[in-house]
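Novice: I would like the atomic coordinates for the input below:
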Amino acid sequence: MPTINRIADYFDEMQGWRHHLHANPELGFDCFETAKFVKSKLEEFGVDEIYTEIAKTGIVAIVSGKSTGKTIGLRADMDALPLEETTSKEYISKKKGVMHACGHDGHITMLLGTAKYLSETRNFSGNVALIFQPAEEGEGGAEVMCKEGIMDRFSIDEVYGIHNDPGCPLGYFQTCIGPNMAAADDFTIKIFGKGGHAAEPEKTIDPLVIGVQLVQAIQTISSRNLSASEKVVISITQFHAGTTHNIIPNDAYINGTVRTLSKEAQSLVVERLQELCKGHGRGYGGKIKLDYNYGYPATLNHQRETKFAAEAAKEIVGAQNVDINAKPIMASEDFSYMLEERPGCYFHVGQGVGTPVHNPEYDFNDDLSPIGASFFARLIEKSSLIK
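Specialist: So this is what the prediction gives:
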């Protein structure tokens, strides 16, 4: 797979970085040792400026080109997952119950390789803001970094990110203009009934009956209230009630997730959930409380930046390995917060046959590191040619 020759020369070094990071994973905002390692490498490479302790353990490093120009942000997430690794790798996680099961160790490595190359060559105009972000896995580290003002503080004009994609051919880039990944919300529903003896259900208000009917009704939102062309996922993931076989319980608990690609669909889902809860509570004589939690927004790629990034990718892997008309993914990504503040694009990049992410057998493919770093570097160099 083609790469920038100089970056290809870093392969053994990059593999060593990645294996070190994999063996020493950290969760959420507590990426202290990871940040320390990243900072030491950036100092070694000779980047111009390093800013630490953003969103607790986040880092932004600046590399300046040969002349003035715009500032482009490149982002890598740093946190791991609370999962017990079951691989037999010699660099297996040293921390029980924590592992890099989503490839963030590889994302850091790609951005470090980019930093090393750009610091050596400086063959571009303007500045590069290298963003090393904690807490992507559910805690919204990108939102915190944005709220702490990184876009204005470092005068970032555009921002780009990539994520590895197991099962997709190595080096195959895919994304789409507009909604690329879904908003991820969750909800809890508490049903308050009236418990009693299971042999005398007529004396109770059965929360299980209410809950079963409500779960079935919720599944009709996407099929009967939204167009078939509107991608929406509503999944019930928990239903808890009762303690034994001969007691109808007082209450029941339902939990689920909602994935949408537009604010209009999101609003309709919330409205229908509220109406269904109110109607089922009234119809069965119970009370229902809905708590809806808005999570990461949809990841929306900008048109010009997506087309530009695709051209940079084609120069690395060939036009046949770049697709900007891929179907949106219903998983979510907190890079969405950065794209709300600045134009940019988020790509998924194949890492070949392998175990899916968020699996205890997963491992990042080191062959992808120089490809990802070459893409980032070419994107920066190519931006200098645009007036």
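
Novice: so where do the helices sit in the chain?
Specialist: 5-8, 11-23, 32-45, 104-121, 141-147, 150-153, 207-218, 220-224, 263-284, 303-317, 335-341, 368-383 (DSSP state H).

Novice: mean confidence for stretch 93-112?
Specialist: Averaging pLDDT along stretch 93-112 yields 98.

Novice: flag the shaky bits of the protein, pLDDT-wise.
Specialist: Low-confidence regions of the chain, defined by pLDDT under 70, span residues 1-2, 386-387.

Novice: domains of it?
Specialist: Structural domains annotated on the chain: 5-180+299-383, 183-293, as defined by automatic domain parsing.

Novice: rewinding a little: in TSV, list the helices of the chain along with mean neighbour count and distance to residue 180.
Specialist: Heads up, the C-betas are built off the backbone N, CA and C, glycines and all. Below are the helices of the chain laid out as TSV (neighbours: other CB atoms under 10 Å; distance: least, CB to CB, whole Å):
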stretch	mean neighbour count	distance to residue 180
helix 5-8	16	26
helix 11-23	19	25
helix 32-45	17	26
helix 104-121	26	17
helix 141-147	22	15
helix 150-153	17	20
helix 207-218	19	26
helix 220-224	14	20
helix 263-284	16	15
helix 303-317	20	9
helix 335-341	22	9
helix 368-383	26	16
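
Novice: out of those helices, which comes closest to residue 238?
Specialist: helix 207-218 (10.7 Å; CB to CB).

Novice: show me what that closest one is packed against.
Specialist: strand 183-192, strand 232-241, strand 251-260, helix 263-284 (3 or more CB pairs under 8 Å, 6 or more residues apart in numbering; DSSP states H and E).

Novice: which residues touch residue 263?
Specialist: residue 298 (CB atoms under 8 Å, 6 or more residues apart in numbering).

Novice: so how far is residue 49 from it?
Specialist: To residue 49, residue 263 is 37 Å away according to CB to CB, to the nearest Å.

Novice: re earlier: tell me which of the helices of the chain sits nearest to residue 183.
Specialist: Using CB to CB, the helices of the chain put helix 263-284 closest to residue 183, at 5.9 Å.

Novice: ok, the residue sitting nearest the centre point of the chain to residue 97 distance?
Specialist: Computing the C-alpha centroid of the chain and ranking residues by CA atoms, centre = their mean puts residue 333 first, at 2.6 Å. Residue 333 is 24 Å from residue 97, where distance means CB to CB.

Novice: related to what we said a few turns ago, export the helices of the chain to TSV and tack on distance to residue 84?
Specialist: Below are the helices of the chain laid out as TSV (distance: least, CB to CB, whole Å):
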stretch	distance to residue 84
helix 5-8	34
helix 11-23	14
helix 32-45	19
helix 104-121	17
helix 141-147	23
helix 150-153	34
helix 207-218	32
helix 220-224	35
helix 263-284	34
helix 303-317	35
helix 335-341	27
helix 368-383	24
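
Novice: tell me which of those helices lies nearest to residue 75.
Specialist: helix 335-341 (6.3 Å).

Novice: hmm, who's touching that closest one?
Specialist: Taking CB under 8 Å, 6+ apart as the rule, helix 335-341 contacts 73, 75, 77, 131, 136, 140, 142-143, 145-146, 151, 159, 161, 181, 183, 296-302, 344, 346.

Novice: so which of those are in strands?
Specialist: Of the positions in the contacts of helix 335-341, 73, 75, 77, 131, 159, 161, 181, 183, 299-301, 344, 346 sit in strands, assigned by DSSP state E.

Novice: residue 336: what's its closest spatial neighbour, skipping adjacent residues?
Specialist: Counting by CB to CB, 6 or more residues apart in numbering, residue 299 is the residue found nearest to residue 336 once chain neighbours are left out, at 4.2 Å.

Novice: residue 75 contacts residue 160, correct?
Specialist: Yes - counting by CB atoms under 8 Å, residue 75 touches residue 160, with 7.3 Å between them.
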